[in-house]
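**Q** This is a predicted model, with the sequence first.
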Amino acid sequence: MPEGRVNRLQFSKELRRSKIVISPFGWGEFSLRDFETLLAGAILCKPNMDHLDTYPNFYRTDETYLAFRWDFTDINDVIGEALENYAHARQIAEEGQRLYRYHLTDESAHQEFCIRFRDILARAIDVRRQSAV
């Protein structure tokens, strides 16, 4: 493994060769590293995200990523379990990758997003109209 900084291409290669990527919270709960990991097909392992409601919801515990406690007290157990039951952990990574690619490339996902966005705007306009009355 190279020492020091690596260029973007080398980083992508290393990520694709990784089994598990630990992605702790940074400036917020999710980060670019999460999406890089999903795209690379590695197992995403990060603090539990059950408190967060996102669209699309890429953070489905034990379905699209592996969660550990915020205080990291169980991280060794979570990683050990993933390595011990690697076939199952790989299925989790594959589901995360499938879901991410679906939302990036599938026309149905694009339509879902447009409908969701339209509905949010319609509700906001209705609220604004009602408050003006």
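**A** Nice, thanks for sending it over.

**Q** what ranges do the helices span in this structure?
**A** For the chain, applying DSSP state H gives helices covering 8-17, 32-40, 75-84, 86-105, 107-132.

**Q** Could you report the separation of Asp77 from Glu84?
**A** Distance, Asp77 to Glu84, using CB to CB, to the nearest Å: 10 Å. Quick note: C-beta positions are derived from backbone N, CA and C, even for glycine.

**Q** neighbours around Ala89, how many?
**A** For Ala89, the neighbour count with other CB atoms under 10 Å is 21.

**Q** Please list all residues in contact with it.
**A** Listed by CB atoms under 8 Å, 6 or more residues apart in numbering, the contact partners of Ala89 are Ile20, Ile43, Leu66, Glu81, Ala82, Leu83.

**Q** Show me which of these is closest to Leu104.
**A** Closest to Leu104 out of those is Ile43 (19.3 Å), distances taken as CB to CB.

**Q** List the contacts of the closest one.
**A** Counting by CB under 8 Å, 6+ apart, Ile43 touches Lys19, Ile20, Val21, Thr37, Tyr65, Leu66, Ala82, Ala89, Arg90, Ile92, Ala93.

**Q** Give me the pLDDT value at the fourth one.
**A** We note a pLDDT of 95 for Thr37 in this prediction.

**Q** Show me the shaky parts of this structure.
**A** Residues of the chain meeting the criterion pLDDT under 70: 1-2, 133.
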